[in-house]
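**Student:** one predicted model, sequence on top.
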Amino acid sequence: MITKEYGMIGYGEECRVYDIGNGICYKYYDDGGIMDLVYKNAIRACNAGIGPAVYDRNDCGYETEIVDVLSDVFNCVECNGTNCKGVRDCCDTSGYDILIDIIEEIFDVCEIQADLHNKNIGIKDGKYIMIDFGNYSGLNSYE
């Protein structure tokens, strides 16, 4: 259960993410049906080596490993990230090319539904992984 002592470290259309300590976060969902789908995809990605570790779950969400996020380590060459909303909206188009390369690498291992943009690509043990397995993405299938 989430209490006030835990800080929200992220959010999206479908969930809010809370740091619960020891390198673990809790992803809270208002919609249990969406959470079931996301949780199944998170387990698949973890088992395929393209997602963070997944721990306990309940009716409202699940616990997962906290990893570095691509958007925290990527800075636009043109403006050092000051004018960009993310890799897809970057004034330096090489950011989009980087994102596509990462998506191709992930889908070489396991084609899976995910919300793929730079804020949802994690870095674990020097390898790119997915960290969001929801429905909100223009890039949730690879061609």
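**Tutor:** Structure's in. What do you need? Numbering: from 1, shown residues only.
**Student:** mind listing the strands for this protein?
**Tutor:** Under the criterion DSSP state E, strands of the chain are mapped to 7-11, 15-21, 24-29, 54-57, 61-65, 68-69, 121-124, 127-130.
**Student:** columns mean neighbour count and distance to Arg44 on top of those, output as TSV?
**Tutor:** Where C-beta positions appear, they are placed from N, C-alpha and C, glycine not excepted. Below are the strands of the chain laid out as TSV (neighbours: other CB atoms under 10 Å; distance: least, CB to CB, whole Å):
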stretch	mean neighbour count	distance to Arg44
strand 7-11	13	21
strand 15-21	18	18
strand 24-29	22	16
strand 54-57	15	10
strand 61-65	20	13
strand 68-69	14	20
strand 121-124	20	15
strand 127-130	20	10
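**Student:** show me the contacts for the residue lying closest to Ile129 once chain neighbours are set aside.
**Tutor:** Of all residues not flanking Ile129 in the chain, Gly122 sits nearest, at 4.7 Å (CB to CB, 6 or more residues apart in numbering). Gly122 makes contact with 52, 67-70, 128-131, according to CB atoms under 8 Å, 6 or more residues apart in numbering.
**Student:** need the worst-confidence member of those residues.
**Tutor:** Lowest in pLDDT among the contacts of Gly122 is Leu70, which has 76.
**Student:** didn't it look like it was pressed against Met130?
**Tutor:** No - counting by CB atoms under 8 Å, no contact exists between Leu70 and Met130, whose distance comes to 10.5 Å.
**Student:** shared neighbours of those two, anything?
**Tutor:** Common neighbours of Leu70 and Met130, counting by CB under 8 Å, 6+ apart, are 121-122.
**Student:** show me where pLDDT drops low in the protein?
**Tutor:** 1-5, 71-99, 109-118, 135-143 (pLDDT under 70).
**Student:** and the residue lying closest to Gly51 once chain neighbours are set aside, how many neighbours does it have?
**Tutor:** Excluding its sequence neighbours, the residue lying closest to Gly51 (CB to CB, 6+ apart) is Ala45, at 2.8 Å. Look at Ala45: counted by other CB atoms under 10 Å, it has 23 neighbours.
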